[in-house]
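Novice: Here is the input, now give the coordinates:
(one chain, ligands or ions: 1)
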Amino acid sequence: MDLEKQIYLRKSCRKYLDDEIDFTLIDDFLSNVKPLIPEIDYSYEIFAKNEVKIKTRWSAPYYLAIYSEKKENYGLNIGFIFQQLSLYLQSINIGSCWVGLASLKEKNPEFVILISLGKSDDISRDIDSFKRKKLIEISDFEDERLIPAQLAPSAVNSQPWYFKHTDTGFDIYKVKYNLVKRKILSKWNDIDVGIALAHLYVSNKDSFKFEIKNKENIKGHTYVGSLII
Ligand SMILES: Cc1cc2nc3c(=O)[nH]c(=O)nc-3n(C[C@H](O)[C@H](O)[C@H](O)COP(=O)(O)O)c2cc1C
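Specialist: Numbers count the residues shown, from 1 in each chain. Model prediction:
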């Protein structure tokens, strides 16, 4: 299972076939997945499309609902775990997309987000068609080791991550938005940063370490954590 390879060809899938999926593959993958913050409990549930409220113009046959204890940084943990699932699904020709614009029919205080999924014959693309910030825009100096994070998906492609080199690795920050943008994006930003960390983890499986230290924010950015890759 080469998840790293998927980073360079994946895309959010918005065109699905109606074929059935073997959900035990998802259960098996998630039973061995690495969490970012092991202390935070989470769970998931798979719905058919008519069982959820969809506000996008497109739809998928299935939606995976994610729930979490709402402890500090739960969004980071959810992004980290379920982006690994998304890369795995991609590797077995199942397309997926994080969907902020969908919700459950019944309110649940632990609900975080839905991920659409289904078989698809339109799930991969050429590296040149990724629309992303330049490496120099996401770090204090250009570093090719950050390409996996650069290519990570994020809500409205906001790419809210910023990396600063340290003696041993990087500090990762998230962009501080103005009030209007913050209202819309803040809910998704932690998930986005968790997704970028997942890409760095699958690309550096043996050396990846993440820790939240007590560090200051920098201009325009909020400190999230420190990593070694
Ligand atoms: C937290 C989150 C929420 C998202 N919500 C939606 C959504 O509601 N509708 C949609 O079409 N795409 C959604 N996306 C997909 C992004 O638009 C997409 O990842 C981004 O534009 C980059 O494109 P790519 O994933 O194809 O590389 C979401 C992505 C993330 C990470």
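Novice: which secondary structure elements does the helix or strand of the chain with the lowest mean pLDDT contact?
Specialist: Ranked by mean pLDDT, DSSP states H and E, the weakest helix or strand in the chain is helix 179-203, scoring a mean of 91. Secondary-structure packing of helix 179-203 (3 or more C-beta pairs under 8 Å, 6 or more residues apart in numbering; DSSP states H and E): helix 3-7, helix 74-91, strand 111-119, helix 147-150, strand 161-165, strand 170-175, strand 221-228. All C-beta atoms are positioned from the backbone trio N, CA, C, and that covers glycine.
Novice: Relative to the ligand, which of these is closest?
Specialist: strand 111-119 (6.1 Å; C-beta to the nearest ligand atom).
Novice: Let's see that closest one as CSV, backbone CA atoms only.
Specialist: Extracted in CSV, the C-alpha atoms of strand 111-119 (Å, rounded to 0.1, in the frame of the first residue of the first chain):
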residue,chain,number,x,y,z
PHE,A,111,-20.3,15.7,14.6
VAL,A,112,-17.3,17.2,12.8
ILE,A,113,-17.5,16.8,9.0
LEU,A,114,-18.5,14.5,6.2
ILE,A,115,-16.3,12.9,3.6
SER,A,116,-18.0,11.8,0.3
LEU,A,117,-16.9,8.5,-1.2
GLY,A,118,-17.6,6.1,-4.0
LYS,A,119,-16.0,4.2,-6.8
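Novice: Partner strands of it and their direction?
Specialist: Next to strand 111-119 in the sheet, as set by DSSP bridges, lie strand 62-68 (antiparallel), strand 94-99 (antiparallel).
Novice: Now do the same for it: mean pLDDT, whole number.
Specialist: Strand 111-119 shows a mean pLDDT of 98.
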